[in-house]
Every structure is written in structure tokens, then in C-alpha cells.
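Chemist: coordinates only, sequence not included:
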DNA sequence: CCAATACCTGCAACGGAAGTGCAATTATTG
DNA sequence: CAATAATTGCACTTCCGTTGCAGGTATTGG
């Protein structure tokens, strides 16, 4: 079942606009998490706010998820099929390259069980591995 | 071997000033990670920049370490004895309470081995468990 | 098909946090 | 005590995230 981006957005109850299609395609092309200013630099004609709100809309509709990789700047990436970001038990694992500064979703690598002391209740886990990515280490 | 704070700071090659003693004591009293504005609110007479630079100094000398708990605001906590924050292999584990918004160092809970795909080199791991802390869950 | 409505976009502006340059003050050293 | 070095405070800047409002564009119902 191949569905177009337009159909996909409509299925998520998001109105299809030129801007949204462009941003969606931009995210889909990339394998890494992007910042808002990455998007800004790519679509210089568009307003910051529009891009910001587009991402927010995508986030609300569980099309993209936010990533905090410790750089202090929020990054975003498309959710994969089966990614249940809205559910707290969904565990994220991200890799941040200290060399090229890119952040990658390692969706296939699940987070192991983490023990917390008595009295503490774990609801969610944010795990960022930092180091050198495959492209940079291969050089 | 009890050493005074003055002696401790001197051993780290940090000049002892009233400000630094106050901030050190403030950090030592607390069991949780604090933000820069926490410190600002506590020492309203002092200038923001001074507090900022004091923390930076402590950080450079490995007296405090930075914590990124996903709130977007950098927090700081005293390094414990034996905490080798400057060494990349030192693994941090922190707990962020979604209720009281406090972040706690769980220094006794080490991070388990995380597998990364071939070609990736892991240098450091940031792990934040979010949930309800012992104080909040006990109520 | 048109009007009413809802939604999207762009501009302007705000607020918080991090960071820097510089001058003045304070401490250290010889 | 003088020269030097480090610390502190003020002013200012930058960056990111966010919101209010006005104008434009798309959608819906009659």
C-alpha cells in the first residue's frame, strides 16, 4: 500500500499545504535529526514562525518526535512506522557524533532495563550515546 | 582527614573568595542539581555573571558537573569523591522527577553496557530517567 | 457559487538562558 | 608598598523558543 505524502498527512488530519509538503520531504530525505535552524537555512523564503509551527503540528500529530541530544538545541526527526512517541513506554535511543555533530535515531536499538532505587518510579528514559558515528570513524 | 572547604578549593588551585565559599556551600547542602537561576535567586545581591563564571570555574576544575536532564536548562551538581567527570568513560545517571521537577544524581547506579551498531564508537553516555521521585511517590 | 468560517502564514515582538568585553575592585606576589 | 594577576559587576549581545495579531488562503454549508 503506497500512499502519497498528501494522503498520509490527510490521514493524520493535517491540512496539506505546500510548506508542509516541503518540510515533510526535507525530513524524509534526511537520516539525521535536524534543528529548527537547519530547516530555516533550507527554506530561507519562509518565515521562522511558520516552520516552527509546522514542526509543532507534526509533533502534535505524532509525525515527528523531539530529540534532546545534550547540545542544548532541540532536534527533530520523523517518527518511524510503529514509533509510538506519544506513549511513555516507548524508549528512545539516539547517537550524537562529537565529530560531525549529527544526531541519529537508532530505532532498532532498544534501551535496556534500568534499575532505579526503591521509591522511584520510572516513566520515561532519555538515552543519548555520544561518540563517533560510522561515517566519521570510517575515515 | 577532614579538610575545610577553603583547603579543598586551594587544593584545586582555586582562589578562595566569599562568593565561591557561599556557592560551594549552597551546592553541598543540596542533594539535587541546581540551575543557574536557582543560584541567582538565592544570592540576589550577586551579579549573574559572577555566579555564572564561578560555576564555570568549578566545572573546569572538576568540582561540579553539568547535567542535561531534558528540561532545556543546564543544571549543576557537586561531583562526588571519585567522580571523574573529566574522563569520558565516567558514566552519569540522573533521575528527573516530573512532579517536583528536581533532578537527582544517582551516582551509585551505573549505566549498563549499551550496544551501538558497527562503525559507531561510544565515548560517553547521557542517561536521564524521568518519572516520580521517592519523595513524591511516597505521598 | 458565494458567504461564513476555520485554518495557515508572516511580521513583530518578548523572554529566558548563555555568553563576552571592559572597567573597577580586590587579592597575591615579590 | 608597588606591580601584577585574578575576581567581580555592569552593559550588552546572541540565540532559541514562543506568542499575539493581522492578512491571506482554503474549506464548508447553504
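Modeler: Cool, the structure landed. Predicted model only: the values in this text are computed from it and were never measured.
Chemist: So which residues on chain A come close to DNA strand C?
Modeler: Residues of chain A lying near DNA strand C by C-beta under 7 Å from any atom of the strand: A:14-15, A:17-20, A:45-50, A:53-54, A:57, A:72. Every residue, glycine included, has its C-beta placed from N, CA and C.
Chemist: Can you narrow these down to the ones near chain B?
Modeler: Applying C-beta under 8 Å from any C-beta of the partner chain to these, one finds that residue A:72 fall near chain B.
Chemist: From the residues of chain A next to DNA strand C, which land in helices?
Modeler: Among the residues of chain A next to DNA strand C, the residues falling in helices (DSSP state H) are A:18-20, A:48-50, A:53-54, A:57.
Chemist: who are the neighbours in contact with residue A:59?
Modeler: Counting by C-beta atoms under 8 Å, 6 or more residues apart in numbering or on different chains, residue A:59 touches A:65-66, A:76.
Chemist: Contacts only, for the closest residue to residue A:51 other than its chain neighbours.
Modeler: Spatially, and ignoring its direct neighbours in sequence, residue A:51 is nearest to residue A:39 (5.0 Å; C-beta to C-beta, 6 or more residues apart in numbering or on different chains). By C-beta under 8 Å, 6+ apart, the residues touching residue A:39 are A:23, A:26, A:51, A:55.
Chemist: between those, which has the most around it?
Modeler: Among the contacts of residue A:39, the one with the most neighbours (other C-beta atoms under 10 Å in any protein chain shown) is residue A:23, at 24 neighbours.
Chemist: tell me which element that one is part of?
Modeler: helix A:18-29 (DSSP states H and E).
Chemist: Residues contacting the following helix or strand past that helix, please?
Modeler: Next along the chain after helix A:18-29, taking DSSP H and E as the criterion, comes strand A:34-35. Here strand A:34-35 makes contact (C-beta under 8 Å, 6+ apart) with A:26-27, A:73-77.
Chemist: Against chain B, which of those make the cut? List them.
Modeler: Among those, chain B is touched by residue A:74 when using C-beta under 8 Å from any C-beta.
Chemist: Ignoring the adjacent residues along the chain, who's closest to the residue nearest the centre of chain A?
Modeler: Nearest to the mean C-alpha position of chain A, by C-alpha atoms, centre = their mean, lies residue A:77 at 2.0 Å. Once flanking residues are discounted, residue A:77 sits nearest to residue A:33: 4.2 Å by C-beta to C-beta, 6+ apart.
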